[in-house]
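**Student:** Have a look at this fold, sequence not included:
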C-alpha cells in the first residue's frame, strides 16, 4: 500500500502541489474516508477492460496534474454504457486536452463506476492565515456555484459543529426530503465532516481539499470526486 508520505514525496519531487484524483482518493481512503473506487487507465484498451470489470455505466476523467477544471476542458465523460462508448470517450478526452492544454502531462484517464443519483453536497477545506484550517459544507451544483450557499467552521470540529453546519445552509430543507423525496442520511454526512476535520488536523501536508460532488442517500453517501492541494508554506 502506498503511504501518505510516499504520495506527498512523489508529488513534491515532481514539483507539483496538486495531487491527481487517484492520489487524492488514496489519501482519503487511508484517512478512513470511503471514496468511489477509481483506477488509472494508461490507454484506451485499459479503459475498456476496467470498465467491463466495474460494470457499466462508467465515468472517464482526464488524469493530469496540469488540468484543474476537467469538465470545462472536455476531460469528463459520464454515463458510458458500452465498450465502444468508452473507447470513443477516451479518444475524445485525449484529443480535447491536447488541443486545450498542449503542454499538459497526461497520465491517462481515471475510470470509475457511475454513481447512482443522490443529493449533491460539497465539503471542502482551506487554510485561513489567522484561523488555520476552515471546513466548508454546502449543497452542490447550482446552489454552491451561483448562490454560495455554504457554512463554515474552524477545525477541529466537534460533532455538534458538524450538525449545525448541515442546518445552517439556506437549502437545508433539501437534506430533509424535498417534494416527497426521502431525507438523506445526516449521520453519514456528519461523520464525513468529522473525518475531514481529523485529516486536516493530523496531516499538515493538506493545503486545500474539495470533495465535490458528494452524493448523499437515504442510507450512506458516495464521495465521487476529490481535489487535494498540498501545503506550500514551510
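**Tutor:** Noted; the coordinates are in hand. Model, not experiment: these values are computed from the prediction.
**Student:** residue boundaries of the helices in the protein?
**Tutor:** 4-13, 21-30, 44-54, 83-100, 142-146, 159-168, 186-202 (DSSP state H).
**Student:** State the distance from the residue at the greatest distance from the centre of the chain to residue 119.
**Tutor:** Note on the chain: the largest C-alpha distance from the chain mean falls to residue 180, namely 28.4 Å (Cα atoms, centre = their mean). Going from residue 180 to residue 119 by Cβ to Cβ, to the nearest Å gives 14 Å. (Glycine included, C-beta is placed from N, CA and C.)
**Student:** pretty sure residue 70 contacts residue 62?
**Tutor:** Yes: counting by Cβ atoms under 8 Å, residue 70 does reach residue 62; the two are 5.3 Å apart.
**Student:** Please say which of the two ends up with more neighbours.
**Tutor:** Neighbours were counted for residue 70 and for residue 62 using other Cβ atoms under 10 Å; residue 62 has more, 27 against 19.
**Student:** That one contacts residue 106, doesn't it?
**Tutor:** Yes: judged on Cβ under 8 Å, residue 62 makes contact with residue 106 at a distance of 7.1 Å.
**Student:** got any residues that touch both of those two?
**Tutor:** Residues touching both residue 62 and residue 106 by Cβ atoms under 8 Å, 6 or more residues apart in numbering: residue 97.
**Student:** what is residue 123 paired to in the beta sheet?
**Tutor:** residue 137, residue 211 (DSSP bridges).
**Student:** One more: residue 127?
**Tutor:** Beta-bridge partners of residue 127, counted by DSSP bridges, are residue 133.
**Student:** just to revisit the earlier point, which residues are common contacts for residue 70 and residue 62?
**Tutor:** Residues touching both residue 70 and residue 62 by Cβ under 8 Å, 6+ apart: residue 76.
**Student:** measure the residue farthest from the centre of the chain to residue 10 for me?
**Tutor:** 48 Å.
**Student:** do the same with residue 106
**Tutor:** Per Cβ to Cβ, residue 106 is found 17 Å from residue 10.
**Student:** the more surrounded of those two?
**Tutor:** Shown here are residue 106 and residue 10; by other Cβ under 10 Å, residue 106 has more neighbours (18 against 13).
**Student:** Enumerate every residue touching the closest residue to that one other than its chain neighbours.
**Tutor:** Residue nearest to residue 106 in three dimensions, not counting chain neighbours: residue 64, with 4.9 Å by Cβ to Cβ, 6 or more residues apart in numbering. Counting by Cβ under 8 Å, 6+ apart, residue 64 touches 20, 75, 97, 101, 104-107.
**Student:** per the record, what domains does the protein have?
**Tutor:** According to automatic domain parsing, the chain comprises the domains 38-114, 119-230.
**Student:** With mean pLDDT and distance to residue 4 as added columns, please give those in TSV.
**Tutor:** Below are the domains of the chain laid out as TSV (pLDDT from 0 to 100; distance: least, Cβ to Cβ, whole Å):
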stretch	mean pLDDT	distance to residue 4
domain 38-114	96	17
domain 119-230	92	6
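**Student:** Between all of the contacts of residue 64, which two are separated the most?
**Tutor:** Farthest pair in these (Cβ to Cβ) is 20 and 101. Separation: 14.6 Å.
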